[in-house]
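A.B. asks: what would the 3D arrangement of this be:
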Amino acid sequence: MGMVVVISLPLILFSLLLGFGCYYLGRARGRQDIRTNPQVFGVPAPPPGTGSEATTFTYPSSPAAAAAAAATKFKPDNSANV
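C.D. replies: A predicted model of the protein is given here:
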């Protein structure tokens, strides 16, 4: 019984110290990362190699035009494969 306490108690203490150390080190590194590289919220940059026509987006002029555009874009079903 004494051997179990001698082996497991240092292992438990080491695990706790390792857990707290990783927690505080990660928290400090995350705070430093936020200070040096702030998050930028906005429109993402287009991937390289895309033309300017791919980056421009136009809204439909009316709900009828939106319905007509939606009617022409449909997801094909797999009825031909059955």
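
A.B. asks: and the gap between Leu25 and Gly19?
C.D. replies: Per CB to CB, to the nearest Å, Leu25 is found 11 Å from Gly19. Backbone N, C-alpha and C define where each C-beta goes, glycine included.

A.B. asks: same question, Gln32
C.D. replies: 21 Å.

A.B. asks: what is the host helix or strand of Ala28 packed up against?
C.D. replies: Taking DSSP states H and E as the definition, Ala28 sits inside helix 2-36. Packing partners of helix 2-36 (3 or more CB pairs under 8 Å, 6 or more residues apart in numbering; DSSP states H and E): none among the helices and strands.

A.B. asks: buried stuff in that helix?
C.D. replies: Within helix 2-36, no residue counts as buried by 16 or more other CB atoms under 10 Å.

A.B. asks: who's in contact with Leu16?
C.D. replies: Contacts of Leu16 were listed using CB atoms under 8 Å, 6 or more residues apart in numbering, and none were found.

A.B. asks: name the helix or strand of the chain that has the lowest mean pLDDT.
C.D. replies: Using mean pLDDT, DSSP states H and E, helix 52-55 stands out as the lowest-scoring helix or strand of the chain, at a mean of 52.

A.B. asks: alpha carbons only: can I get stretch 28-44 in PDB?
C.D. replies: The C-alpha coordinates for stretch 28-44 follow below in PDB (Å, rounded to 0.1, in the frame of the first residue of the first chain):
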ATOM      1  CA  ALA A  28       0.100  34.100 -21.800                       C
ATOM      2  CA  ARG A  29       1.000  33.100 -25.400                       C
ATOM      3  CA  GLY A  30      -2.500  33.700 -26.600                       C
ATOM      4  CA  ARG A  31      -2.700  37.200 -25.000                       C
ATOM      5  CA  GLN A  32       0.700  38.000 -26.600                       C
ATOM      6  CA  ASP A  33      -0.600  36.800 -29.900                       C
ATOM      7  CA  ILE A  34      -3.700  39.000 -29.700                       C
ATOM      8  CA  ARG A  35      -1.500  42.100 -28.800                       C
ATOM      9  CA  THR A  36       0.900  41.600 -31.700                       C
ATOM     10  CA  ASN A  37      -1.600  40.200 -34.400                       C
ATOM     11  CA  PRO A  38      -5.100  41.600 -33.800                       C
ATOM     12  CA  GLN A  39      -8.000  39.900 -35.400                       C
ATOM     13  CA  VAL A  40      -9.300  41.700 -38.500                       C
ATOM     14  CA  PHE A  41     -13.000  41.300 -39.300                       C
ATOM     15  CA  GLY A  42     -14.000  42.000 -42.800                       C
ATOM     16  CA  VAL A  43     -14.400  40.600 -46.300                       C
ATOM     17  CA  PRO A  44     -11.700  37.900 -46.900                       C
END
